[in-house]
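> coordinates only, no sequence provided:
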DNA sequence: TATACATTTAGCTAATCGTCGAAATGATAG
DNA sequence: CTATCATTTCGACGATTAGCTAAATGTATA
């Protein structure tokens, strides 16, 4: 029951649900892409992602300098949940808007995304 | 997407999940039975129940002096979720313990439960 | 109609949670 | 071997939430 609670909590937040929604469509996304997509600080995105990984909802994979996340398809118990969420979320206003945003994010290479994210939270001169 | 979030949040709390779990087995329970089952203040149980009704997860029905709650089977979209939760929750330690507790609670008539609950939060003499 | 009483609402407190900026980590590329 | 840099951890802050007690509500019975 605790496991179940952890899973449910891990998708019961607006931004985490948006991550799930994005990964239902896009197979694999890297941390910087998700950070850009959500429009939050990198630390915030990282925390959400880590919570979802801990819950077993996402898996992560390192490649080069980036870390990619995807739905954890290894656990067949989760498939019905993914399908149920997908059925209820795709077609909603927010989901449509998000897919559009995501498409734009995916056109920018990770190098550029990360660089922008580094620069956005910095003091001017020194 | 907001509706979905409200549904998920309404079952992502330990006590609310226990309510759902109980109603997966027992069809219908009154507020005082759930209060006793959860071992919380009546106001607390009422708040949880009302949140689940608002989310569309539960329906309520008044009979005599008591209000009975049950899973909202009118919304077929929810059935897969109920089934998924049921499959993952029944058989867990907590669920087994809860079903045992619930059985004991159901042996006590509502009149007696309510009276006990009224008395438990009261000052001694005056 | 008046009283009893199951449930809900209101107001409060403590704990949890989402978010941020800054510092730490650890792996890669030069 | 060092410097770079994507990600994570840390520490802090404001917002939300679960829980309580006490008071209000509104229905049902006498």
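That came through fine. For clarity, every value in this text was computed on a predicted model and none was experimentally measured.
> enumerate the residues of chain A near chain B.
Those residues of chain A that sit near chain B, judged by CB under 8 Å from any CB of the partner chain, are A:1-5, A:8-9, A:11-12, A:14, A:17, A:21, A:77, A:80-81, A:84-85, A:87-89, A:92-95. Where you see a C-beta, it was placed from the backbone N, CA and C, and this is true even at glycine.
> and stretch A:96-104, anywhere near DNA strand C?
No - judged by CB under 7 Å from any atom of the strand, stretch A:96-104 stays clear of DNA strand C, getting no closer than 14.1 Å.
> can you say which of the residues of chain A next to chain B are buried?
A:1, A:4-5, A:8-9, A:11-12, A:17, A:21, A:81, A:84-85, A:88-89, A:94-95 (16 or more other CB atoms under 10 Å in any protein chain shown).
> closest to residue A:54 out of those residues?
residue A:9 (10.4 Å; CB to CB).
> the buried ones among the residues of chain A next to chain B in helices, which ones?
The helices, defined by DSSP state H, take in A:4-5, A:8-9, A:17, A:21, A:81, A:84-85, A:88-89, A:94-95 from these.
> turn these into TSV, columns for distance to DNA strand D.
TSV is the format used below for those (distance: CB to the nearest atom of the strand, whole Å):
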residue	distance to DNA strand D
A:4	16
A:5	12
A:8	12
A:9	10
A:17	13
A:21	19
A:81	20
A:84	21
A:85	19
A:88	19
A:89	19
A:94	17
A:95	21
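> quick one on the thing from earlier: closest one of the buried ones among the residues of chain A next to chain B to DNA strand C?
Nearest to DNA strand C, judged by CB to the nearest atom of the strand, of these is residue A:9 at 6.1 Å.
> surely that closest one and residue A:57 touch.
No - contact criterion CB atoms under 8 Å: residue A:9 and residue A:57 do not qualify, at 10.3 Å.
> distance of the most centrally placed residue in chain A from residue B:86?
When CA atoms, centre = their mean is applied to chain A, the residue found nearest the centroid is residue A:19 (3.3 Å). Distance from residue A:19 to residue B:86, counting by CB to CB, to the nearest Å: 26 Å.
> okay, buried residues for the helix or strand bottoming out on mean pLDDT in chain A please.
In chain A, the helix or strand scored least confidently by mean pLDDT, DSSP states H and E is helix A:110-120, which has a mean of 85. Neighbour-count burial for helix A:110-120 flags A:110, A:113, A:114, A:117 (criterion: 16+ other CB under 10 Å).
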